[in-house]
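Peer 1: Kindly return the folded structure for what I paste below:
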Amino acid sequence: MPKVLFYAGTAFCLFLALTTAAELGREVETGAVSFIALHGGTGPVAPHAAWAILVAFIAGLTTAAIFLRMAALLAARNLFAAFFAVFAVTGAVGALAAVLALQARLVVLRSASLTLQELHFVAATALAYFVALSLIALRPYFRIQASRFLSALVTFPLPLFALMLAQYVFLGGTATTFLPGDVAAYRVFLAVMSVLFFAIAIHCIRHRYLFLEMTNLRELLDPRVDPTGRGVRVSGMAFDG
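Peer 2: Below you'll find the predicted structure:
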């Protein structure tokens, strides 16, 4: 993949990790939720909301490019998992576009009706689902190429999402909210996602040759030594099982 896209995607993974951690800390302190252009659960529009929406969209696209490169590397040995990852990443980008389109509408209206709040909640829930699905679809890649900690951690977001939704439905979630911030699993979900995106950014930096160098099917299936002289195996990555 192009160097500019790779480094931008890695930087935005770190950006997402830091902003998610900051949002988690702010929510624990204040008890109110926010998302990009929205402050709190009552719907006032944040300053410079249009720029926040644009940056969020670029961050989503570049991070999706990193995931698609992982899926491409995975395709040599596990084609089903690669196609499943492509489907999940595509769904995540589509859900992100829906969320940002709704927030752009809120910027124009400068207020939020009950209908917009409900639509925003559904779109944000779909975004969380597809992001969690993308991570678990790429688990075969992380299981071989990354650490055991990271390969185990990518399995947590999807069960946490199900628990978050169950808590919201059965334990007193309100209909007038943008995000399910009044349930405990939501905060755990944010914490796990923050750690995951930080670990993915570190993984990309450590194994940047996998993303930047040209590869073909033979290189992916046959062992070869990294030409940088560090003795790192380029193929043996997510292709042993």
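
Peer 1: Is the spatially most central residue of the chain part of a helix or strand, or is it coil?
Peer 2: Residue closest to the average C-alpha location in the chain (Cα atoms, centre = their mean): residue 131, at 4.8 Å. Three-state assignment for residue 131 (DSSP: H, G, I helix; E, B strand; the rest coil): helix.

Peer 1: Please look at it and residue 192 and confirm they touch.
Peer 2: No. Judged on Cβ atoms under 8 Å, residue 131 makes no contact with residue 192 at a distance of 11.1 Å. Bear in mind the C-beta positions are built from the backbone N, C-alpha and C, glycine included.

Peer 1: so what's in contact with the two at the same time?
Peer 2: Residues touching both residue 131 and residue 192 (Cβ atoms under 8 Å, 6 or more residues apart in numbering): residue 157.

Peer 1: re earlier: ok, and the closest non-adjacent residue to the residue nearest to the centre of the chain?
Peer 2: residue 92 (5.0 Å; Cβ to Cβ, 6 or more residues apart in numbering).

Peer 1: picking that back up, measure the residue nearest to the centre of the chain to residue 161 for me?
Peer 2: Separation of residue 131 from residue 161 (Cβ to Cβ, to the nearest Å) stands at 9 Å.

Peer 1: if I pick residue 19, what's in contact with it?
Peer 2: Residues counted as contacts of residue 19 (Cβ under 8 Å, 6+ apart): none.

Peer 1: Can you list phi and psi of it for me?
Peer 2: Backbone torsions of residue 19, given as degrees, to the nearest 10, read phi -70, psi -40.

Peer 1: What pLDDT is listed against it?
Peer 2: At residue 19, the model reports a pLDDT of 84.
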